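Student: Need the 3D shape of this:
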Amino acid sequence: LIVATNENDILHRFFTTGKYDRKDVQKTISPSMDICVSSNFERYLYHLAGDDPSTLSSWMNAFESTGKLFIRGKKLDEARADFKSAKVDAADTLETIERYHAEEGYMLCPHSAVGVSAVRQLNKTEPSTVCLATAHFAKFGDTCSKAVDPLPEIPKELSRLWSMDTRLSNCPNDANVVQRFVKERIKERIEKHEKKMENHKKQKKFIKNLATVSAAVGVMAMVVSAIRKR
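Tutor: The predicted structure follows:
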């Protein structure tokens with residue numbers, strides 16, 4: 001497995017040096033990767049600790065108190081055996097977007113380009129290597145246009161989003177208020193759905209009654225026609 005990071009390279013630093021330490025987040029052109037710590041990394045550390053909760057607890061307590069964790073020796077070798085890593089900056093990201101559009105006719109989003117660039121850095125561009133694209137480039141048009149201009153045509157399904165109404169709700173930084181807001185919205189959605197289903201049932205009943213009336217009228221018409229023929 002290959003770990004790709006942008007300038008916020010805490011995971012790359014860990015897999016190359018064994019040092020997992022907090023640093024200020026840098027704003028980059030791949031914003032979804034802008035992290036100072038990895039939210040799921042504790043799960044991997046549990047595996048690295050031999051599934052030993054006490055070892056993991058000591059590691060995480062040290063990290064929470066100092067902002068630093070240092071893995072050495074055999075454990076670091078095990079981590080390096082599991083993952084390779086690379087750091088990709090903005091210039092590499094844009095160059096990768098431009099290259100793949102020119103050579104392959106494919107537009108990478110900035111996050112996907114970070115992954116592809118990492119694979120190239122590690123010389124892993126092999127038939128068995130898979131890079132999973134994370135988003136459509138249209139979500140990051142301003143950034144992608146720095147590499148490819150003009151951009152390819154955006155799908156109609158996405159271009160419609162720019163003219164659609166935006167729904168926005170502001171909540172104070174209060175967990176109880178946010179919880180009440182979510183519960184109220186869920187209740188509104190359920191009530192709206194139930195009302196829609198009730199209207200649907202009424203429509204079905206109306207159509208059924210209409211069909212019954214139509215059939216009765218048809219039978220009466222046939223009877224009248226038969227009487228007239230007599």
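
Student: Can you tell me the element the residue nearest to the spatial centre of the chain falls in?
Tutor: In the chain, the residue lying closest to the centroid (Cα atoms, centre = their mean) is residue 134, at 6.9 Å. Residue 134 belongs to no helix or strand when assigned by DSSP states H and E.

Student: Once you drop chain neighbours, what's closest to it?
Tutor: residue 111 (4.5 Å; Cβ to Cβ, 6 or more residues apart in numbering). For every residue, glycine as well, the C-beta is placed using N, CA and C.

Student: Confirm that neighbour sits in a helix?
Tutor: Yes. Secondary structure of residue 111 (DSSP: H, G, I helix; E, B strand; the rest coil): part of a helix.

Student: Residue 98 versus that one, what's the distance?
Tutor: 16 Å (Cβ to Cβ, to the nearest Å).

Student: which one of these two has more residues nearby?
Tutor: The neighbour count for residue 111 versus residue 98, taken as other Cβ atoms under 10 Å, is higher for residue 111 (21 against 17).

Student: hang on, that one packs against residue 28?
Tutor: No. At 10.0 Å, residue 111 does not count as touching residue 28 under the criterion of Cβ atoms under 8 Å.

Student: which stretches of this structure have low pLDDT?
Tutor: Residues of the chain meeting the criterion pLDDT under 70: 206, 208-230.

Student: give me phi/psi at residue 178?
Tutor: For residue 178, the backbone dihedrals (degrees, to the nearest 10) come out as phi -70, psi -40.

Student: What residues does it make contact with?
Tutor: Applying Cβ atoms under 8 Å, 6 or more residues apart in numbering to residue 178 gives the contacts residue 171.

Student: can you do 10 Å?
Tutor: Contacts for residue 178 (Cβ atoms under 10 Å, 6 or more residues apart in numbering) come out as 171-172.

Student: Walking through this protein, point out its strands one by one.
Tutor: 2-5, 19-21, 68-70, 84-87 (DSSP state E).

Student: Relative to residue 41, which of these is closest?
Tutor: Of all the strands of the chain, strand 19-21 sits nearest to residue 41, with 7.6 Å by Cβ to Cβ.

Student: Would you agree the residue nearest to residue 134 is in contact with residue 144?
Tutor: No. Using Cβ atoms under 10 Å, residue 111 makes no contact with residue 144, being 11.3 Å away.

Student: shared neighbours of these two, anything?
Tutor: Common neighbours of residue 111 and residue 144, using Cβ under 10 Å, 6+ apart, are residue 29.
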